[in-house]
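A.B. asks: Sequence unavailable; structure follows:
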């Protein structure tokens, strides 16, 4: 099994969400702390980001935030993290978050979360990122995205093997098992990255 010490979490900074999403973010923070893993996230103190960090810290976990300076005020950069890093722009934030994590977990989010998630999937497809990618499908939030990804395989834009790049769970309580069930991935994925004809191999 892929060794996991640090978990990169993508999440929304919105404060306008239904309570079920806040609850899932808080649960995830507690679950990760319980696994004795650190969290690397976007550094925000509001929305799902804030709920995640608060719960992990309360449970004794370690949380490292990476946030661009121009967002530190907008996303109310968390003031009580184990550590926080101010960077110059979004590209560096995304790069560092992905590089430093042994696994990626995506809570529900908007365009920023989608961008981060798809970058992780793309790099895994190219054999540049090899860790687990887990979608927390709270309230069936990701159902249509999952269907869209499956359609891209059906129509030949990706190979069937690419469906192994991510896993979907309904609740953070399933995270540990999802890690255990993750299909091993290697840099050899590059050999079929662009070839949908390998779908039956």
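C.D. replies: Perfect, I can see it now. Source: prediction; values computed, not measured.
A.B. asks: packing partners for the helix or strand that contains residue 180?
C.D. replies: Per DSSP states H and E: residue 180 is located in helix 175-181. Packing contacts for helix 175-181, counted by 3 or more Cβ pairs under 8 Å, 6 or more residues apart in numbering; DSSP states H and E, involve helix 19-34, strand 133-136, strand 167-169. Using the backbone N, CA and C atoms, a C-beta is placed for each residue, glycine as well.
A.B. asks: out of these, nearest to residue 150?
C.D. replies: Among the helices and strands packed on helix 175-181, the nearest to residue 150 by Cβ to Cβ is strand 167-169 (10.9 Å).
A.B. asks: Provide a list of residues in contact with residue 66.
C.D. replies: Applying Cβ atoms under 8 Å, 6 or more residues apart in numbering to residue 66 gives the contacts 40, 41, 42, 43, 84, 85, 87, 93, 96, 97.
A.B. asks: redo that, cut-off 7 Å
C.D. replies: Neighbouring residues of residue 66 by Cβ atoms under 7 Å, 6 or more residues apart in numbering: 40, 42, 43, 85, 87, 93, 96, 97.
A.B. asks: Next, the nearest residue to residue 141 once chain neighbours are set aside: secondary structure please.
C.D. replies: If the residues on either side of it in the chain are set aside, residue 141 comes closest to residue 108, at 4.1 Å by Cβ to Cβ, 6 or more residues apart in numbering. Look at residue 108: counting by DSSP: H, G, I helix; E, B strand; the rest coil, its state is coil.
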